[in-house]
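**Q** predicted model follows, preceded by the sequence.
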Amino acid sequence: MDFLISHTSKSINADLILPPSKSISNRALIIQSLCQSKLTLFNLSQSSDTQSLVQALQTTSKNIDIGDAGTSMRFLTAYLSQQEGSYILTGSDRMKERPISHLVETLNSIGADINYLEKDGFPPLAINGKNLEGGQVDISASVSSQFVSALLLIAPTLKNGLSLTLKGEPLSRPYIKMTLDIMRYFGIKSSWTNNTIHVEPQNYISRDLKVESDWSSLAFILQAMSIAKSAKVSIAGLSKDSWQGDSYVLTLFEKFGIQHEFNHNKLYLKKINEDLNGNYDINLKDNPDLAQAYCCTLSALSKSSQIKGLKNLKLKESHRLKALHIELKKIGQKSHYNEDTIQLETSTLHIPIESFDSHNDHRMAMCLSPLALLFEIKIKHVEVVNKSYPSYWDDLRKMGFIISPLTHSNNLSHKLFQK
């Protein structure tokens, strides 16, 4: 489905509840399956990624298709490797292009039996699950923090626990810390000294958990506020003392005049109109999921910047640096990118002649849509936001965006607009 999006007032005033964290939900689901006694998860993410993981953990089938759910692919590879039985784990065409060799090789080195069914180093996988010894092992942490998290989640259940040494500069370090914090909530002790994380064999403790809202989703709300003439938004469901490293988004968007305050368990946000003449160069290696919203905000505000630390973005749902370059060029934005960096030049923007393409990437669809505060835009394949933020279009409407479906190939328009 395609959408036509505009915003007449250019001002935003809204009260929102962001979706539950997909990252916390997916980690908690693996722990729930590994826990020896029952625990209950409240406010679980309704994203398609999390729902795919729920179905995979509940199915009796030995053939599991995880679609385009990258986190679930990594977590299930480790989880199934020590579950008795033989499994086929596969995914979408894009998933079959996303490398998984570092995780598979590390698991096999501690006794797992995992084989590639098509191209070496990539899904689909044949997994013969069994009890794993664990022990000391190295892994490259420069490709995906999810490989590290996948190993850590099963570490307490391994016969000898796990001493995991991270090779190279870890990407998304806060996500590894989040995994350890969630494990600690469920009773698991660990240590992280220099580049080695150690987890002794131990049992998860049953504790109920209410999943907080997703901080990375806030980036697109802050993006819209930064572009708007004026903006006030209140957000329920976020924790001031969050496990999520992407709470850094508040600090990041202070650069654009967004002030914040927590009061009575709500986050209050306000745009302060002032001259913005700061230095926008930044390294986002710890928070690469914020890069697209940050780039599109800079473009909308005609700011130049060099954003580094993004070398894993080519391995996401799309090649995100390439996708940003292609789509922002449609409004006159000049940019250059390489393996690690995207450079934005101050540019004179114009109304796009072509529709924006989401590149089958939820974060591309979400970062492009606030540009409707500048001019009327069209976006293709908008349903991809269901991967992480199913209520995104509804929340944009609450912020005053006018959204009209251009195609009627499914029932999404009926569900969104018959309200």
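**A** Great, that's in hand.

**Q** all strands for the stretch 201-350 of the chain, in order.
**A** For the stretch 201-350 of the chain, the strands defined by DSSP state E, counting those that start in this stretch occupy 209-210, 230-236, 258-263, 266-271, 282-283, 305-308, 335-337, 342-344.

**Q** can I get these in TSV with mean neighbour count?
**A** Bear in mind the C-beta positions are built from the backbone N, C-alpha and C, glycine included. Converted to TSV, those look like this (neighbours: other CB atoms under 10 Å):
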stretch	mean neighbour count
strand 209-210	16
strand 230-236	19
strand 258-263	14
strand 266-271	18
strand 282-283	16
strand 305-308	19
strand 335-337	17
strand 342-344	22
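
**Q** want to try a markdown table for these, with mean pLDDT and distance to Ser61 as columns?
**A** As requested, those are arranged in a markdown table below (pLDDT from 0 to 100; distance: least, CB to CB, whole Å):
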| stretch | mean pLDDT | distance to Ser61 |
| --- | --- | --- |
| strand 209-210 | 96 | 27 |
| strand 230-236 | 96 | 38 |
| strand 258-263 | 95 | 45 |
| strand 266-271 | 96 | 42 |
| strand 282-283 | 95 | 43 |
| strand 305-308 | 95 | 42 |
| strand 335-337 | 95 | 41 |
| strand 342-344 | 96 | 41 |
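
**Q** relative to Thr8, which of the ones you listed is closest?
**A** Closest approach to Thr8 among the strands of the stretch 201-350 of the chain (CB to CB): strand 230-236, 13.9 Å.

**Q** partners of that closest one, with directions?
**A** strand 11-17 (parallel), strand 266-271 (antiparallel) (DSSP bridges).

**Q** turn those into TSV, including distance to Lys240.
**A** Below are the strands paired with strand 230-236 laid out as TSV (distance: least, CB to CB, whole Å):
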stretch	distance to Lys240
strand 11-17	16
strand 266-271	8
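
**Q** what about the helices in the stretch 1-150 of the chain?
**A** Under the criterion DSSP state H, counting those that start in this stretch, helices of the stretch 1-150 of the chain are mapped to 22-34, 48-58, 70-81, 101-109, 145-154.

**Q** reformat those as TSV; add mean pLDDT.
**A** Formatted as TSV, the helices of the stretch 1-150 of the chain follow (pLDDT from 0 to 100):
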stretch	mean pLDDT
helix 22-34	96
helix 48-58	94
helix 70-81	95
helix 101-109	94
helix 145-154	94
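
**Q** export those to JSON lines and tack on distance to His336 and mean neighbour count?
**A** Output for those, formatted as JSON lines (distance: least, CB to CB, whole Å; neighbours: other CB atoms under 10 Å):
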{"stretch": "helix 22-34", "distance to His336": "31", "mean neighbour count": "24"}
{"stretch": "helix 48-58", "distance to His336": "31", "mean neighbour count": "20"}
{"stretch": "helix 70-81", "distance to His336": "27", "mean neighbour count": "26"}
{"stretch": "helix 101-109", "distance to His336": "29", "mean neighbour count": "19"}
{"stretch": "helix 145-154", "distance to His336": "27", "mean neighbour count": "26"}
